[in-house]
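>>> based on what follows, work out the 3D shape:
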Amino acid sequence: MTHPNKFSFINPKKFPFYYGYVVLLIGSIGVLASIPGQTVGVSVFTDPVKDALGLTRNQFSNAYMLGTLLSAFFVARAGVLFDKYGARYVAFFATVFLGLALLLFSVSAEMSAWLKSVLHLNTWGVPFVLITVLFFFTRFCGQGVLTMASRNMIMMWFDKNRGKVNSISSIGVSLGFSSSPIFINAIIDDHGWEISWQILALCLFIFSLFVLQFYRNKPEDFSLVPDGFVKQDETKKEIRVERNFTLVEAKKTRAFWMIGLTLAFNSFFITGFTFHVVSIFGSQDYSKSEAIAIFLPISIIAITVSTIGNILSDYVHHKIYLYVMLTSGVLASSGLLFLSQGFGIYLLIIGLGILTGLFAVVNAVTWPRYYGRKYLGSITGKVMSFLVIASAIAPSLFSYCFSTFGTYKYIGYITLCYLLFLIIGSLKVKNPQ
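Okay, the predicted model is just below:
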């Protein structure tokens, strides 16, 4: 990059300590800043917004699905832009546009009424189309681009310590995501949903200035090296040569598809389960409080697994994580099948806890380890499109399964068949390096 310090007063080369640790902090905050575009952030606004727009729950959910699916077709392109322009500019514009989308969301009821009067249409189709477009921007900028750019930037600044660093980031991000619904709900209770979105938008605009000041693409732009040092024993021998795979080359490997589709399963199952958790447990005569309480043990397991997994990722073969994720997927799917029996809930907790914890490891650390850093944006952008599509169709598929069969357990049969395919396909997975 010709001017890696443009628009900034911060020079990583003159920093009193390795700048990668600043990247770790600001990149982790960047992932947290994507929360308004994540399911966990959007779900808190569901009831007040759908009522204000005159949409049913199914209509609102379908708008969310269409907007998310639409964003999946563009997020892979954002990965190419990451490779070309770097995390700094990509994250900056993603943050600004996410903030603008939230501002439009805050006046969506007024916009809907205005469009109805101009078009002389008094139908639910007007707010449906409007909210679909807004969901596209929030999901594309938040869940897709800002998350990808921030996470990839951290991975670019570390190599041998990549797992340890990601464990620190994962703990902070996990705690932030798990507590964000409570925080956002408190703002809505105090100020209403319109002002709440405006407050979040203001925070994003402020953070975009921090992106320009502190985000940096890679250490080589400043004559630095990943991790900030070269081990002494490596100065006496040839340093490990890293092959950088293009997206086309990566797609020719078995590991790309098996790992990507396993991460997509994680996104599908957890999104669908979270979206309908109260209904899932209610169908088995559990109360709402009992349904929500399941997230506490899941979070504890996830943080523990993520921390251990990240630290060990610097030393073990990553295909082990793939096999463990598939096994935990079988546990979670079986838990959904046997939820009516006492042990089903424990299978769900253990399975979802391990899935969530290892997702943070594999999706961040494995890609640069397997395919290098040069084309990391295009590779992870393509994988992100898998995750976005999976998260888009999950809530509707869960819902239609329940409305058609009166139970969610058939989702378990579907996911077990899918996992069987992944297990067979993953037997010969190896590191392309």
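>>> how far off centre is the helix or strand harbouring residue 173?
Using DSSP states H and E, residue 173 sits within helix 162-214. Distance, stretch centre to chain centre, for helix 162-214: 14 Å (C-alpha atoms, centre = their mean, to the nearest Å).
>>> that helix - what's its average pLDDT?
Mean pLDDT, computed over helix 162-214, is 89.
>>> residue 316: neighbouring residues, count only.
Neighbour count for residue 316, taken as other C-beta atoms under 10 Å: 12. From N, CA and C alone the C-beta is placed, and that goes for glycine too.
>>> so which elements touch the helix holding residue 173?
Applying 3 or more C-beta pairs under 8 Å, 6 or more residues apart in numbering; DSSP states H and E, we find helix 162-214 packed against helix 20-33, helix 39-42, helix 46-53, helix 57-106, helix 147-156, helix 295-312, helix 344-361.
>>> helix 46-53 and that one, what's the angle between them?
Relative orientation of helix 162-214 versus helix 46-53 (axes from the mean of the first three to the mean of the last three C-alpha atoms, to 10 degrees): 40 degrees.
>>> please parse the chain into its domains.
12-228, 242-425 (automatic domain parsing).
>>> same list, those domains, but as TSV with distance to residue 3 please.
Converted to TSV, those look like this (distance: least, C-beta to C-beta, whole Å):
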stretch	distance to residue 3
domain 12-228	10
domain 242-425	19
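>>> rewinding a little: okay, the angle between the helix holding residue 173 and helix 295-312?
Using the same axes, to 10 degrees: helix 162-214 against helix 295-312 is 100 degrees.
>>> one step back: just tell me which of the helices and strands packed on helix 162-214 ends up closest to residue 255.
Closest to residue 255 of the helices and strands packed on helix 162-214 is helix 344-361 (C-beta to C-beta; 15.1 Å).
>>> who does the closest one touch, helix- and strand-wise?
By 3+ C-beta pairs under 8 Å, 6+ apart, helix 344-361 packs against helix 162-214, helix 254-275, helix 295-312, helix 319-337.
>>> so residue 290 touches residue 281, yeah?
Yes - applying C-beta atoms under 8 Å, one finds residue 290 in contact with residue 281, separated by 6.2 Å.
>>> neighbour count winner among these two?
residue 281 (22 against 14).
>>> possible to save the helices and strands packed on helix 344-361 as TSV with distance to residue 401 and mean neighbour count?
Output for these, formatted as TSV (distance: least, C-beta to C-beta, whole Å; neighbours: other C-beta atoms under 10 Å):
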stretch	distance to residue 401	mean neighbour count
helix 162-214	25	18
helix 254-275	9	22
helix 295-312	22	19
helix 319-337	10	21
